[in-house]
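*Asks:* how would this look folded up:
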Amino acid sequence: MTNMVWQPLTPDDIEAVVRIANVIHSELPEGQHVFAERINLFPEGCLALVKQDGGGEGGSRELCGYAISHPIRRRQPPALDAVLGRIPPDASQYYIHDFCILPEFRGRGLAGQGIRKLLSAADDTQRFPDGACLVSVYGTVPFWARYGFVAPEPAIDAALAEKVRGYGEDARYLERPTALSS
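*Replies:* Reported below is the predicted structural model:
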């Protein structure tokens, strides 16, 4: 029996993350050091989509996707393939840096499960009053719109627009306001 679950990403997973990233983001390469740093700086924002064979303790663990996210200052996502150094103490926005599922595992509702896990952290109004954001690539704006991500108002400034262009010509910066719950 095969079971697909989102689990914490660990440093032991970096080789598999790079393998997946090379499949999904062949045109937007990032070094292993970027993934290692994100896991080290903000492990609670890093998830692995794991295919388990149902063998219990001795069962195999195979990564089929991953998510990397972390706090940033409002509208200040990192450039592609850049290290952060640290999480800014005044970070007020939750940035979804990367979200990948290998093509053969798509269409099973797994993306929604992973994104809901990430957004449950992002919806902490005390910690992230400026909500969540991401850079949409490969024409995925309609996909992200399903989760409340939209082009920001007011529009982004020239410096952010230039950084977003580093993610490809079709890249778009999107934001999602923090969900207000009582």
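*Asks:* drop to CA atoms for contacts and neighbour counts, all remaining ones
*Replies:* Noted.
*Asks:* would you mind measuring from Arg61 to Pro103?
*Replies:* Distance of Arg61 to Pro103, given as CA to CA, to the nearest Å: 18 Å.
*Asks:* need the strands for this structure, in chain order.
*Replies:* 3-8, 46-52, 61-72, 93-101, 132-136, 172-176 (DSSP state E).
*Asks:* deepest in the core, which of those is it.
*Replies:* For the strands of the chain, the largest average neighbour count (mean count of other CA atoms under 10 Å) is found in strand 132-136, namely a mean of 26.
*Asks:* contact partners of that strand?
*Replies:* Residues outside strand 132-136 that contact it (CA atoms under 8 Å, 6 or more residues apart in numbering): 75, 77, 93-97, 119, 122-123, 144, 149, 164, 167, 171-178.
*Asks:* ok, now with 7 Å
*Replies:* 93-97, 122, 164, 171-178 (CA atoms under 7 Å, 6 or more residues apart in numbering).
*Asks:* ditto for stretch 28-47
*Replies:* With CA under 7 Å, 6+ apart as the test, stretch 28-47 has contacts from 6-11, 14, 18, 22, 66-70, 80-83, 86-87, 118, 167.
*Asks:* make it 6 Å
*Replies:* Residues from elsewhere that reach stretch 28-47 (CA atoms under 6 Å, 6 or more residues apart in numbering): 7-9, 66-70, 81, 83.
*Asks:* pull the CA atoms of it into PDB?
*Replies:* The C-alpha atoms that make up stretch 28-47 are tabulated as PDB, following Å, rounded to 0.1, in the frame of the first residue of the first chain:
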ATOM      1  CA  LEU A  28      15.400  28.300 -12.800                       C
ATOM      2  CA  PRO A  29      18.300  26.500 -11.200                       C
ATOM      3  CA  GLU A  30      19.200  27.000  -7.500                       C
ATOM      4  CA  GLY A  31      22.100  25.500  -5.700                       C
ATOM      5  CA  GLN A  32      21.900  23.000  -3.000                       C
ATOM      6  CA  HIS A  33      23.200  25.600  -0.600                       C
ATOM      7  CA  VAL A  34      19.900  27.600  -1.000                       C
ATOM      8  CA  PHE A  35      17.800  24.600   0.100                       C
ATOM      9  CA  ALA A  36      20.100  23.700   2.900                       C
ATOM     10  CA  GLU A  37      20.100  27.200   4.300                       C
ATOM     11  CA  ARG A  38      16.200  27.500   4.200                       C
ATOM     12  CA  ILE A  39      15.900  24.200   6.100                       C
ATOM     13  CA  ASN A  40      18.400  25.400   8.600                       C
ATOM     14  CA  LEU A  41      16.900  28.900   9.100                       C
ATOM     15  CA  PHE A  42      13.200  28.000   9.000                       C
ATOM     16  CA  PRO A  43      12.500  24.300   9.200                       C
ATOM     17  CA  GLU A  44       8.900  24.700  10.000                       C
ATOM     18  CA  GLY A  45       8.300  26.200   6.600                       C
ATOM     19  CA  CYS A  46      10.000  23.300   4.700                       C
ATOM     20  CA  LEU A  47       7.900  20.200   3.800                       C
END
